[in-house]
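Colleague: Predicted structure and sequence below. I'll ask about it afterward.
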Amino acid sequence: MGGLGFRDLKDFNLALLAKQLWRLIQYPSSLLARVLRGRYYRQSDPLEDRKIYSPSYGWRSMMAAKPYLQMGIRKTIGSGLNTRAWSEPWIPDERARPPRAAPQIGFQEPGMHMGSDKQCPRCGNPEESINHLLFLCPPGLQVWALSDFPSLPGLFPSTSIYQNMSFLFWNTKELCMIDPQKDFYPWILWYIWKARNDKIFDGKETSPVDTLIHAKIEAESWKTANEPKDVEEAALSPSPSPSLRTSPLDDQRFPTCQVDASWIGNSLVSGLGWSLKEEESGEVFGLQGCRRSLSALHAELESLLWAMSCLIDRGVLYVHFQSDCLDLISMTESPSDWPSFLSELEVFQNLRGNFGIFTLSHIPRILNTRADTLAKGARAKGIIFFQIIHNEPMTGSFSNQPLNWPIVM
């Protein structure tokens, strides 16, 4: 001031106030910082804009210096826990600043269009969404209709992509679709997408039949390429394991027992079923409703164990067992590969030692409809029970009357 070396008292005062505010930030554990924090910024920091009721003169004075402190302050990221990335100045530019959004980049909805035209190129629908492309567009809808997946009104295909994917992931198991069928959908989805791109970029129309054929060929090629070598060697081997055969014996003098289970995750009861057939004597079959097993594979194993136990009690010790569950056969061949089934497999080995001849082979689901129907019927009852029935008079140790043993809970 006036060349005498005196400072501008207003600027000097604001600088001292800004320094005091800076000390509140640098030393949050000081006595003054703790007192002011309890009164003015309990859940925030001194630089945050807050509406304060009846502030003191000292606090109002420090807030007057806040703009000057913010002009030169920069947030150090550290762990980033207390950093507001979009509002606080942490980028060391000429003047510290928060990040800026690029004006020409906006949020893109989960569609397939980079331009403004959102019309479906295949059917002309005003808006093409992912669900419309894969499930509801007429060419895609025809692909699903031609496939092995059932069309269920209101369930599949639906207007919700989450419901459609849930159906493909989980509901196909409840419909008893075999593995090659229910695991086929990724290639269908992929080739529907490719057919759409061929239409846009090459002007090529791909029929639903061709789309499905290409998907099936690609799925089979992938399955063949990823088949384990040991499985291929086992398939080429002429001599199966003598202890547990995976194909029926040539000698058909012994009866065949088919087993199956029915399991649904939201049901309280699992269903077990088995059917023993002899060419001359007829059929004996059993069905049981039991408490829901831990998984579908647990239920399959329980069905086999129950069938083995029933036949041992009746003196039938030379049996060919059949199941449509490949994992069940793999489990009984290599118990060490299934540690979570250790206790059940010990029971299996004990029961298996009582048989004179025991074989377990795989059959397609379409050939196991009898046991499958029994298991589903037992589960549908929704109660705990078991029943063994003689369809026709049996020779030997079997009686001619139905055996019904309800379980007392």
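Modeller: Okay, I see it. Treat the numbers as computed from the prediction; the structure is a model and nothing was measured.
Colleague: now P89, what's its secondary structure?
Modeller: Judged by DSSP: H, G, I helix; E, B strand; the rest coil, the three-state class of P89 is coil.
Colleague: and if you look at E283?
Modeller: strand.
Colleague: That one and W274 touch, don't they?
Modeller: No: at 10.7 Å, E283 does not count as touching W274 under the criterion of CB atoms under 8 Å. All C-beta atoms are positioned from the backbone trio N, CA, C, and that covers glycine.
Colleague: pretty sure P92 contacts R74?
Modeller: Yes: P92 is within contact range of R74, at 6.2 Å (criterion: CB under 8 Å).
Colleague: more crowded one of E283 and W274?
Modeller: Counted by other CB atoms under 10 Å, E283 and W274 do not tie: W274 has more neighbours, with 29 against 15.
Colleague: Let me know whether my guess that the more buried one is in a strand holds.
Modeller: Yes: judged by three-state DSSP, W274 forms part of a strand.
Colleague: change the start of the numbering to 13 and stick with it
Modeller: That works, and once the first residue is 13, the last one we named lands at W286.
Colleague: what bridges to it?
Modeller: V271, G298 (DSSP bridges).
Colleague: Distance check, it against L309.
Modeller: 17 Å (CB to CB, to the nearest Å).
Colleague: Same question for S274.
Modeller: With CB to CB as the criterion, S274 and L309 are 13 Å apart.
Colleague: what about the two, which has more around it?
Modeller: It is S274, of S274 and L309, that has more neighbours when counted by other CB under 10 Å, with 28 against 19.
Colleague: any low-confidence regions in the stretch 263-412 of the chain?
Modeller: Low-confidence segments of the stretch 263-412 of the chain (pLDDT under 70): 263-265, 291-293, 403-412.
Colleague: Which stretches in the chain count as strands?
Modeller: 268-274, 281-290, 294-303, 330-335, 369-374, 397-402, 415-418 (DSSP state E).
Colleague: What is the distance between the third one and the centre of its chain?
Modeller: The gap between the average C-alpha position of strand 294-303 and the chain average comes to 32 Å, counting by CA atoms, centre = their mean, to the nearest Å.
Colleague: Report the inter-axis angle for it versus strand 397-402.
Modeller: In terms of direction (axes from the mean of the first three to the mean of the last three CA atoms, to 10 degrees), strand 294-303 departs from strand 397-402 by 180 degrees.
Colleague: okay, the angle between strand 294-303 and strand 268-274?
Modeller: Using the same axes, to 10 degrees: strand 294-303 against strand 268-274 is 20 degrees.
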